[in-house]
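> please find the sequence and the predicted model below.
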Amino acid sequence: MAKKRKRKYSRGAGNEVEKEMRRYKRGTAKSGKGGRGGKVKSRKQAIAIGLSKARKKGSRVPRKKK
């Protein structure tokens, strides 16, 4: 029997990215500490912010590439 594959990103992380993408689409997503960095201009940036927030909450997210 085939082994069940473990998820790379937890459900919580997916939800966090989803929320951030919604904010990005509405134009309310902000970057930087406390949103002082200005508007998020790209999808990649929005995804990165979502994953970062998920990491802080303790969701399972792979480590950042250096």
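Structure's in. What do you need? Numbering: from 1, shown residues only.

> low-confidence regions, this structure specifically.
Within the chain, the set of residues satisfying pLDDT under 70 is empty.

> got a list of what residue 31 touches?
By Cβ atoms under 8 Å, 6 or more residues apart in numbering, residue 31 lies in contact with 37, 38, 39, 40, 45, 49. The way it works is simple: take the backbone N, C-alpha and C, and place the C-beta from them, glycine included.

> tell me the residue furthest from the middle of the chain?
Each residue of the chain has a distance to the centre, and by Cα atoms, centre = their mean the biggest one is for residue 1: 33.8 Å.

> show me where the protein has helices.
11-26, 43-57 (DSSP state H).

> spit out the contact partners of the closest residue to residue 53 other than its chain neighbours.
Distances taken as Cβ to Cβ, 6 or more residues apart in numbering place residue 16 nearest to residue 53, at 5.1 Å, with adjacent residues excluded. Contacts for residue 16 were tallied using Cβ under 8 Å, 6+ apart; they are 50, 51, 53, 54, 57, 59.

> how many other residues sit next to the residue lying closest to residue 62 once chain neighbours are set aside?
Excluding the flanking residues, the one nearest residue 62 by Cβ to Cβ, 6+ apart is residue 8, at 6.1 Å. Counted with other Cβ atoms under 10 Å, residues neighbouring residue 8 total 9.
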